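[1] Based on what follows, work out the 3D shape:
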Amino acid sequence: MKMHQASGQGKNLFTGYGEGHVLINAQRHDGNLIVSADKIVAWAPPDFSSLAVEHFEALLAYKPEVVLFGSGKNQRFAHPRLYAALTQAGIGMECMDTQAACRTFNILLAEDRRVLAALLAI
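    Predicted coordinates:
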């Protein structure tokens, strides 16, 4: 699906998504990703059932205000013990399907929020 591109000069914006990939600034990225306003990196968990505390603790390094966890094609909720380090650091955590996480990321980024998307592939 193609998404409407909001203005965000120099920032990573989701412009589309499909089976196993997302488009960021019209460039295709496959697999699981961590996306901030200025960085795109591969994210380690191979799938939802393999999520571990370490995967969420790694997100602390980005110093986000809020983390959008995209759980893949369907909305699934990560167990709170997995992201306890984020909660203890006062970082908001939202679980949603990956498509919703992409759309929400763009909205929060447009509001100049320090948002981080941690995405499992659709």
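[2] Please identify the buried residues of stretch 67-83?
    67, 68, 69, 70, 71, 72, 76, 78, 82, 83 (16 or more other CB atoms under 10 Å). From N, CA and C alone the C-beta is placed, and that goes for glycine too.
[3] no no, stretch 57-68
    Residues of stretch 57-68 classed as buried: 59, 62, 64, 66, 67, 68 (neighbour count, 16+ other CB under 10 Å).
[4] can you check stretch 41-53 too?
    Residues of stretch 41-53 classed as buried by neighbour count (16+ other CB under 10 Å): 43, 45, 51.
[5] Could you work out the end-to-end span of it for me?
    End-to-end distance for stretch 41-53, by CA to CA, to the nearest Å: 18 Å.
[6] Assign residue 67 to one of the three secondary structure states.
    strand (DSSP: H, G, I helix; E, B strand; the rest coil).
[7] And residue 90, by the same measure?
    Quick answer, by three-state DSSP: residue 90 is coil.
[8] mind checking how far it is from residue 114?
    12 Å (CB to CB, to the nearest Å).
[9] Could you save the buried residues of stretch 41-53 as JSON lines and add columns showing pLDDT and secondary structure?
    As requested, those are exported to JSON lines (pLDDT from 0 to 100; DSSP: H, G, I helix; E, B strand; the rest coil):
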{"residue": "43", "pLDDT": "97", "secondary structure": "coil"}
{"residue": "45", "pLDDT": "95", "secondary structure": "coil"}
{"residue": "51", "pLDDT": "98", "secondary structure": "coil"}
